[in-house]
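[1] Any chance you could fold what I've pasted below:
(chains A and B)
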Amino acid sequence: EAGVAQSPRYKIIEKRQSVAFWCNPISGHATLYWYQQILGQGPKLLIQFQNNGVVDDSQLPKDRFSAERLKGVDSTLKIQPAKLEDSAVYLCASSFGVKDEQYFGPGTRLTVT
Amino acid sequence: QKEVEQNSGPLSVPEGAIASLNCTYSDRGSQSFFWYRQYSGKSPELIMSIYSNGDKEDGRFTAQLNKASQYVSLLIRDSQPSDSATYLCAVRANYGQNFVFGPGTRLSVLP
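    So this is what the prediction gives:
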């Protein structure tokens, strides 16, 4: 079974530029999560999708971050404009069923200069 | 604000010893608990989940849950240098609700 796919793996941009990340969850997983992990900290949930719908986006900085999950499969996370403090690893995870165990993709390391 | 706390470490144990990692959480209504291992520069990987009070064993790993004390732990028996990583505790209140991760405990197993 293929795991969670993410791209790109690394991205370096200047502040005020925009960037987009892509995630393809494990086949059949209805729930998809985007996390931000700053070095030395645990992952922080940005947004959670159940199929096409948003379950929780309470910690998403909506003035600059947006996310969508079209057709309940792939998802994109966008930052526009980026700030220095957005430098982090952006992790996508997916889960299925009542046990709801999350499986993570390899992440995208973003550096904002 | 739901919180999950872990000792940041580093926790150092000799090879072959038992490593004990602890996690406390603030939301008394939490129902699901997860332990993840994260190697440096890699993404978290699921070790095990636990939902009921008591112990759950999987190979060299044992998760222990005490909901009354709002405490979950992970024991690693016969620790190996390859177990050196950061261990993340994650807690979820109810099915479908979001997970809250702790800051992680860095474990170092010394040969």
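[2] contacting residues for residue 107?
    Picking chain A for this. A:6, A:9, A:37, A:89-92, B:43 (CB atoms under 8 Å, 6 or more residues apart in numbering or on different chains). Yep, even glycine has a C-beta here, placed from its N, CA and C like the rest.
[3] Sorry, I should have been clearer: chain B.
    B:9-13, B:19, B:21, B:76, B:79, B:83-87.
[4] again, but for B:Asp58
    Taking CB under 8 Å, 6+ apart, one finds B:47-48 in contact with B:Asp58.
[5] pLDDT score for it?
    B:Asp58 is assigned a predicted lDDT (pLDDT) of 96.
[6] Look up which residues are beta-bridged to it.
    For B:Asp58, the beta-bridge partners under DSSP bridges are B:Phe61.
[7] B:Gln64 versus that one, what's the distance?
    12 Å (CB to CB, to the nearest Å).
[8] do B:Gly41 as well
    In terms of CB to CB, B:Gly41 sits 29 Å off from B:Gln64.
[9] now A:Gln59
    Counting by CB to CB - A:Gln59 and B:Gln64 are separated by 29 Å.
[10] between the two, who's got more neighbours?
    B:Gln64 (18 against 15; other CB atoms under 10 Å in any protein chain shown).
[11] out of the contacts of B:Leu107, which are buried?
    B:11, B:13, B:19, B:21, B:76, B:79, B:83-87 (16 or more other CB atoms under 10 Å in any protein chain shown).
[12] Pick out whichever of the residues you listed sits closest to A:Arg16.
    Of all the buried ones among the contacts of B:Leu107, the one with the least separation from A:Arg16 (CB to CB) is B:Thr86, at 32.4 Å.
[13] surely the closest one meets B:Arg106?
    Yes: the criterion here is CB atoms under 8 Å, and B:Thr86 meets it with B:Arg106 at 4.9 Å.
[14] Mind listing the residues bridging to residue 45?
    Assuming you mean chain A. A:Tyr35.
[15] think we crossed wires, I meant chain B
    Beta-bridge partners recorded for B:Glu45 (DSSP bridges): B:Arg37.
[16] same check, this time on A:Phe65
    As for beta bridges, A:Phe65 partners with A:Ile79 under DSSP bridges.
[17] Now do the strands in chain B.
    B:4-6, B:11-14, B:19-25, B:32-38, B:45-50, B:54-58, B:61-66, B:71-76, B:85-92, B:99-101, B:105-110 (DSSP state E).
[18] can you give me how far stretch B:32-43 is from the chain middle?
    Counting by CA atoms, centre = their mean, to the nearest Å, stretch B:32-43 is centred 8 Å from the centre of its parent chain.
[19] hey, which helix or strand in chain B has the poorest pLDDT?
    strand B:99-101 (a mean of 90; mean pLDDT, DSSP states H and E).
[20] And the contacts of that strand?
    For strand B:99-101, using CB under 8 Å, 6+ apart, the contacting residues are A:33, A:35, A:42-45, A:102, B:2-4, B:25, B:27, B:34, B:36, B:88-92.
[21] ok, 10 Å please
    The contact list for strand B:99-101 (CB atoms under 10 Å, 6 or more residues apart in numbering or on different chains) reads A:33, A:35, A:37, A:41-45, A:48, A:56, A:93, A:95, A:100, A:102, B:1-4, B:6, B:25-27, B:30, B:32-34, B:36, B:44, B:88-93.
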